[in-house]
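**Q** have a look at this prediction, sequence included:
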Amino acid sequence: MITGMTEHNLAWRLEHRKAHIGVIGLGYVGLPLTLAIARAGSRVLGFDVDPSKAKLLETGKSYIKHIPSEDIELANQSGLFAATTDFSRLASVDVVIICVPTPLSSHFEPDLSFVKSTGHQIAAHLRPGQLIVLESTSFPGTTKDILLPILETSDLRCGTDFFLAFSPEREDPGNPNFSTAQIPKIVGGEGTDAQKLALLLYDNIVARTVPVSSSATAEAVKITENIFRAVNIALVNELKQIYSKMGIDIWEVIEAAKTKPFGFMPFYPGPGLGGHCIPIDPFYLSWKAREYGIPTRFIELAGEINSRMPSYVVNELAIALDRERKKGLNGSRVLVVGLAYKKNIDDTRESPALVLIDLLESRGAVVDYHDPHVPTIPRTREHGHLANRKSAKLDVETVGSYDVVLIATDHDDVDYRTLAEWSNLIIDTRNACGRNGISGNHIFSA
């Protein structure tokens, strides 16, 4: 129990930074977290199923572009950080933090296979006194109803032998203003002792912790944050289509509207949603709500609008090609600029640019891409057929050979002025040209 702290119990070790912490999953969430733990002065052992990641980390190299290798080297030099693929070492740590993917199935249902398999791995090595924290986003009840029973297959009891909590990840990859340690951490435990232990853990890592009454409440907080964004993005995506027919620039409308100091928060349209959270998390709640017989019409409508955006963009591109170049989409050469799901990172998870390429090619277009952050398309479950394609160069001869350039992601290190000069036709889904004061009768918003 947490009372009567001594150097031999977990509460004391957490408070004095003596606890050994394990993080499962060294991706876009787990790797920044391990580095933040090491910087805070606690020992951390990272677990991943990919041996190549562990080897790179051992040599001080990063495999995520917005995380510099210098950060890995500093963590290694501190002696506080190590990485492994040996899950039997879970028994050696005091805390296990789970940062594994929670994707959707092909039928838009939650795929918790990674959480479940990780739970079974932990159960096989679980020992008394450990704290387990799930950070992977899921529907309310996942921690208590799914992970807890798996952990108790070890014959240890939650709240007595081990402790369980949920603290949602809030990473924003590539955001220079908010690192892991700067973002407030929501913490919900299965019982008072688990709550107190999880707060002791994160109080040493992040600037501020926000306790909530249960793990289910913490899960609901994360789902709510992402549904809020998905719904508002759907709204501006729909407004964009309406205002376009009226000859009104949605970007100008948003810039003017956000001058109001209250009652308005700017969201921006795009070619579709990307990343691991916003396109996926709302469907987790919709799926769970069916268990209670509650329809989620608002959430599902937002999902439908956002999911249709790539088709809308391709149709607008085809219309512009026909009107401006007197060409059909079939046989036309298209250069997609920006493959990552958002600017200035190399993360292509759920990127709408991949959907755009598929839609364009299905209509007979010849498609290449350019992305300074993604030199080669990685293999993904949905778009494995695009894997290993190489980023095209941006030069006057190359760009001029395409009938149309489609700006799908507005990376800052693309020279849009020069790109506009070299291009025959530009379809800009991110206002990259307008934002940089670039105009021309061959540049169109979509």
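**A** Alright, I've got the coordinates.

**Q** in the longest helix along the chain, which residues are buried?
**A** Across the chain, the longest stretch assigned as helix under DSSP state H is helix 215-245. Neighbour counts over helix 215-245 (16 or more other C-beta atoms under 10 Å) mark 215-216, 218-223, 225-227, 229-231, 233-234, 236-241, 243-244 as buried. The way it works is simple: take the backbone N, C-alpha and C, and place the C-beta from them, glycine included.

**Q** in the stretch 1-150 of the chain, which spans are helices?
**A** 10-15, 30-39, 51-58, 69-78, 113-125, 148-151 (DSSP state H, counting those that start in this stretch).

**Q** only the buried residues of stretch 192-201, if you could.
**A** Neighbour-count burial for stretch 192-201, counted by 16+ other C-beta under 10 Å, picks out 193, 194, 195, 196, 197, 198, 199, 200, 201.

**Q** can I get the helices of the stretch 1-150 of the chain in TSV including distance to residue 98?
**A** Shown next, in TSV, are those (distance: least, C-beta to C-beta, whole Å):
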stretch	distance to residue 98
helix 10-15	17
helix 30-39	9
helix 51-58	16
helix 69-78	20
helix 113-125	6
helix 148-151	11
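
**Q** now, of those helices, which is deepest in the fold?
**A** helix 30-39 (a mean of 25; mean count of other C-beta atoms under 10 Å).

**Q** only C-alpha atoms, please: export stretch 335-342 in CSV.
**A** Taking Å, rounded to 0.1, in the frame of the first residue of the first chain, the C-alpha atoms of stretch 335-342 are listed here in CSV:
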residue,chain,number,x,y,z
LEU,A,335,2.8,16.1,-58.5
VAL,A,336,1.6,15.9,-54.9
VAL,A,337,3.6,18.2,-52.6
GLY,A,338,3.7,17.1,-49.0
LEU,A,339,3.1,13.5,-48.0
ALA,A,340,3.2,13.8,-44.1
TYR,A,341,-0.2,14.3,-42.4
LYS,A,342,0.9,17.7,-41.2
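
**Q** show residues contacting it.
**A** For stretch 335-342, contacts defined as C-beta atoms under 8 Å, 6 or more residues apart in numbering pick out 173-174, 273-275, 346-354, 356-357, 360, 367-371, 373-374, 377, 391-392, 399, 402, 404-411, 414, 419, 430.

**Q** then stretch 57-71?
**A** 26-28, 31-32, 35, 46, 52-53, 56, 72-73, 76, 81-83, 173-174, 344-346, 373.

**Q** one more time with 7 Å
**A** 28, 31-32, 35, 46, 53, 56, 72-73, 76, 83, 173-174, 345-346, 373 (C-beta atoms under 7 Å, 6 or more residues apart in numbering).

**Q** kindly check the end-to-end length of it for me.
**A** Distance across stretch 57-71, first residue to last, is 10 Å (C-alpha to C-alpha, to the nearest Å).

**Q** ok, residue 159 - contacts?
**A** So residue 159 contacts 190, 191, 193, 194 (C-beta under 7 Å, 6+ apart).

**Q** relative to residue 321, how far out is the nearest residue to residue 324 once chain neighbours are set aside?
**A** Leaving aside its chain neighbours, residue 324 sits nearest to residue 425 (5.5 Å; criterion: C-beta to C-beta, 6 or more residues apart in numbering). Here residue 425 is placed at a distance of 7 Å from residue 321 (C-beta to C-beta, to the nearest Å).

**Q** equivalent analysis for residue 122, please.
**A** According to C-beta to C-beta, residue 122 stands 54 Å off from residue 321.

**Q** looking at this, residue 410 is in a strand?
**A** No. Assigned with DSSP: H, G, I helix; E, B strand; the rest coil, residue 410 falls outside any strand and is coil.

**Q** hang on, the earlier thing: which pair of the contacts of residue 159 spans the longest distance?
**A** Distance extremes for the contacts of residue 159: the farthest pair is 190 and 193 at 9.1 Å, using C-beta to C-beta.

**Q** so which of the contacts of stretch 335-342 sit within helices?
**A** Under the assignment DSSP H, the contacts of stretch 335-342 contribute 352, 353, 354, 356, 357, 360, 399, 419 to helices.

**Q** got a winner among the residues you listed for most neighbours?
**A** When neighbours are taken as other C-beta atoms under 10 Å, the top entry among the ones in helices among the contacts of stretch 335-342 is residue 353 (29 neighbours).

**Q** which residues touch that one?
**A** Residue 353 neighbours (C-beta under 7 Å, 6+ apart): 336, 338, 339, 369, 408, 409.

**Q** would a markdown table of the residues you listed with pLDDT and neighbour count be doable?
**A** Shown next, in a markdown table, are the contacts of residue 353 (pLDDT from 0 to 100; neighbours: other C-beta atoms under 10 Å):
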| residue | pLDDT | neighbour count |
| --- | --- | --- |
| 336 | 98 | 25 |
| 338 | 98 | 27 |
| 339 | 97 | 31 |
| 369 | 98 | 24 |
| 408 | 98 | 30 |
| 409 | 98 | 29 |
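
**Q** quick one: which of those residues is nearest residue 96?
**A** residue 339 (34.3 Å).

**Q** for residue 417, what are its contacts?
**A** Going by C-beta under 7 Å, 6+ apart, residue 417 touches 436, 438.

**Q** next, it: secondary structure please.
**A** Once three-state DSSP is applied, residue 417 turns out helix.

**Q** state the distance from it to residue 151.
**A** Note on residue 417: its distance to residue 151, by C-beta to C-beta, is 56 Å.

**Q** and residue 195, by the same measure?
**A** 17 Å.

**Q** residue 405 now?
**A** 52 Å.

**Q** residues in contact with residue 279?
**A** 273, 350.

**Q** that one: which element?
**A** Under the assignment given by DSSP states H and E, residue 279 is not contained in any helix or strand.

**Q** could you do the one 5 residues further on as well?
**A** Mapping residue 284 onto the secondary structure by DSSP H and E places it in helix 281-290.

**Q** ok, now which ones touch residue 189?
**A** By C-beta under 7 Å, 6+ apart, the neighbours of residue 189 are 165, 195, 198, 215.

**Q** for it, which non-adjacent residue is spatially closest?
**A** residue 195 (3.3 Å).

**Q** may I see the buried residues of the very next helix or strand once past the helix holding residue 284?
**A** Downstream of helix 281-290, the first helix or strand assigned by DSSP H and E is helix 297-320. Across helix 297-320, burial judged by 16+ other C-beta under 10 Å covers 299, 302-303, 305-307, 309-310, 312-314, 316-318, 320.
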